[in-house]
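Enquirer: sequence first, then the predicted structure, then my questions.
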Amino acid sequence: MFKPLYVSSRSITLEMTNNDIFYASTEYNVYVDDVLFRANIKTNVVSLFGLKPGHEYNIRIHDYSIHVKTAFESASLNVKDFGAVGDGKKDDTLAIQTAIHACPKNGRILIEKGIYHVCPLFMKNDITIELEKEAILLGDTDRSNYPILPGQIIHSNGTVFELSNWEGKPNPTFASIITGIKVKNVHLIGEGIIDCNAQNGDWWVDHKKMIGGAYRPKGVFLTNCENIHLQGLTIMNTPSWNLHPYFSQNIDFLDLKLISPKDSPNTDGCNPESCFRVNIIGVDFSVGDDCIAIKSGKFEMGMKYRVPSEKITIRNCHMAYGHGAVVLGSEMSGGIKDLEVRQCFFEKTDRGLRIKTRRGRGESAIIDGIVFENIRMDNVLTPFVMNMYYFCDEDGKTEYVWSKEIHPVDDRTPYLGSFTFKNIVCTNAHVAAGFFYGLPEMPIESISLENVEIKFGEETISGVPAMMSYLEPMSRSGLIFRNVNQVSINNLNIENYLGDPIIMENVKKFIEK
């Protein structure tokens with residue numbers, strides 16, 4: 001069986017309803033009105049393009065069929081009618097931006113096959129932008145052609161609009177190739193490519209510095225947006241993070257491919273920050289940093305707004321080569337809650353399920369109600385990491401952060417609540433099966449592992465399981481728990497480990513079934 005995840009005026013995304021992990025157990029065909037539409041599909045999520053607006057279709061996979069009606073469309077505009085050329089040489093920014101501004105409510109902007117040289121494009125409400133197959137938006141390589149987004153806009157009454165940020169603080173950034181500022185009801189769909197072209201510019205040189213008055217742009221940046229849907233596209237070679245929704249809600253990232261070189265700096269895949277209800281489903285990641293990093297700002301932002309990232313679903317995704325597959329933090333001072341990660345495949349990432357925080361993130365830095373279920377990992381160095389001593393940033397290596405002594409619990413103390421890891425298989429692990437390290441003054445509340453299997457490879461490399469000071473390299477270590485109130489284990493199997501399979505220190509309650 002299958003279900004529709006998303007319907008636009010010209011496309012539909014479907015998801016198989018099974019327990020398979022990213023890939024379907026058998027290939028399948030998709031029939032539309034009894035005509036073969038897509039053949040030999042291997043993944044659980046599939047998108048259909050080239051449909052007519054306002055039309056009801058009968059869709060069949062195997063012996064199961066459903067009726068789906070595409071959305072209404074008021075008009076269709078072709079960017080070439082506005083002067084776009086698509087030869088990869090002419091700057092098509094103004095032509096495409098004009099088409100966006102001219103598009104009526106519920107209209108569609110069509111970008112046909114071709115290479116469209118562009119600088120940042122700005123979205124508006126109630127539009128669909130479709131990049132056809134072999135349509136490429138190719139980013140300009142000259143940063144002087146990119147407008148700057150100030151970190152904040154101060155209204156005359158003293159209130160603040162948070163426009164842009166860099167690593168958890170209001171900071172100026174260059175606008176992104178796709179930029180949405182306080183827009184709603186936008187559909188960015190198609191089989192085309194957004195190639196930010198960072199490898200041919202200087203975006204990855206001195207990447208930690210502010211150059212030209214701003215920090216690097218993202219691939220797609222959405223600030224204070226609502227009801228935004230990205231479907232089917234490939235986004236690649238981004239100057240920094242691929243996708244960054246910020247103080248936004250009701251966001252869908254469906255059936256996308258996010259691709260940046262393994263050694264490209266800070267090219268995280270998808271980083272929701274202080275967002276409500278985000279779906280990341282059917283996305284294929286191969287990036288140079290964390291595949292997904294869920295955030296909610298550093299101390300000042302978290303304590304000021306106390307807006308968590310909340311109700312986030314990650315399902316049927318493939319994460320490869322990133323530093324971490326699914327990461328929470330470290331800029332998470334507003335908190336993270338109600339996160340579900342299911343049916344995902346992590347491959348050759350440094351860490352699988354990774355949580356990073358530390359003293360100084362704040363009392364609103366609460367992570368709770370987190371479920372990871374039905375996950376497969378292969379060649380992941382350390383499958384599970386929960387680290388409350390994360391050492392990055394200017395203040396990360398201070399004694400306040402690295403000290404193992406008990407500190408007073410105050411307004412800078414973070415909290416990690418309940419975490420459930422269920423039905424997880426990890427093969428060819430290297431460094432440690434799991435590393436869970438709470439604070440002595442604020443232990444991790446509870447960790448439950450059920451039906452978890454971890455096998456180390458025959459030839460492993462050593463390394464540190466978490467980014468914290470004074471941690472020695474290890475190889476094929478078991479599960480390590482320090483400063484945890486409750487650990488519950490039901491049906492755990494660890495193979496080819498060295499030393500003890502489970503190491504515990506300051507664990508108040510241990511339940512083994």
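Expert: Here it is on my side, so go on.

Enquirer: so His401, which state does it fall into?
Expert: Let me fix one detail, which is that residue 401 is Val and not His. helix (DSSP: H, G, I helix; E, B strand; the rest coil).

Enquirer: what helices or strands is the top strand by length along the chain leaning on?
Expert: When the chain is parsed with DSSP state E, its longest strand is strand 477-495. Strand 477-495 sits against strand 432-437, strand 444-456, strand 502-512, with contacts defined as 3 or more C-beta pairs under 8 Å, 6 or more residues apart in numbering; DSSP states H and E. Yep, even glycine has a C-beta here, placed from its N, CA and C like the rest.

Enquirer: any chance of those strands in JSON lines, with mean neighbour count, distance to Gln231 and mean pLDDT too?
Expert: Formatted as JSON lines, the helices and strands packed on strand 477-495 follow (neighbours: other C-beta atoms under 10 Å; distance: least, C-beta to C-beta, whole Å; pLDDT from 0 to 100):
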{"stretch": "strand 432-437", "mean neighbour count": "26", "distance to Gln231": "35", "mean pLDDT": "98"}
{"stretch": "strand 444-456", "mean neighbour count": "20", "distance to Gln231": "33", "mean pLDDT": "98"}
{"stretch": "strand 502-512", "mean neighbour count": "13", "distance to Gln231": "43", "mean pLDDT": "96"}
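
Enquirer: out of these, which is closest to Met474?
Expert: Proximity to Met474 (C-beta to C-beta) singles out strand 432-437 among those, at 5.9 Å.

Enquirer: once you drop chain neighbours, what's closest to Phe72?
Expert: Gly54 (5.2 Å; C-beta to C-beta, 6 or more residues apart in numbering).

Enquirer: ditto for Gly192
Expert: Leaving aside its sequence neighbours, Gly192 sits nearest to Leu131 (C-beta to C-beta, 6+ apart; 2.7 Å).

Enquirer: same check on Lys52?
Expert: That would be Thr70: by C-beta to C-beta, 6+ apart, it lies 6.6 Å from Lys52.

Enquirer: isn't that neighbour up against Ser8?
Expert: Yes. Thr70 lies in contact with Ser8 (C-beta atoms under 8 Å); the separation is 7.0 Å.

Enquirer: neighbour count: the two, which is higher?
Expert: Neighbour totals were compared for Thr70 and Ser8, and Ser8 leads with 24 against 19 (other C-beta atoms under 10 Å).

Enquirer: residues contacting the residue lying closest to the more buried one once chain neighbours are set aside?
Expert: Of all residues not flanking Ser8 in the chain, His187 sits nearest, at 4.8 Å (C-beta to C-beta, 6+ apart). Taking C-beta atoms under 8 Å, 6 or more residues apart in numbering, we find His187 in contact with Ser8, Ser9, Ile127, Thr128, Ile129, His229, Gln231.

Enquirer: now for the residues you listed, which pair is the farthest apart?
Expert: Farthest-apart pair in these is Ile127 and Gln231; separation 14.1 Å (C-beta to C-beta).

Enquirer: chain center to stretch 441-449, what's the gap?
Expert: Stretch 441-449 sits 25 Å away from the centroid of its parent chain (C-alpha atoms, centre = their mean, to the nearest Å).
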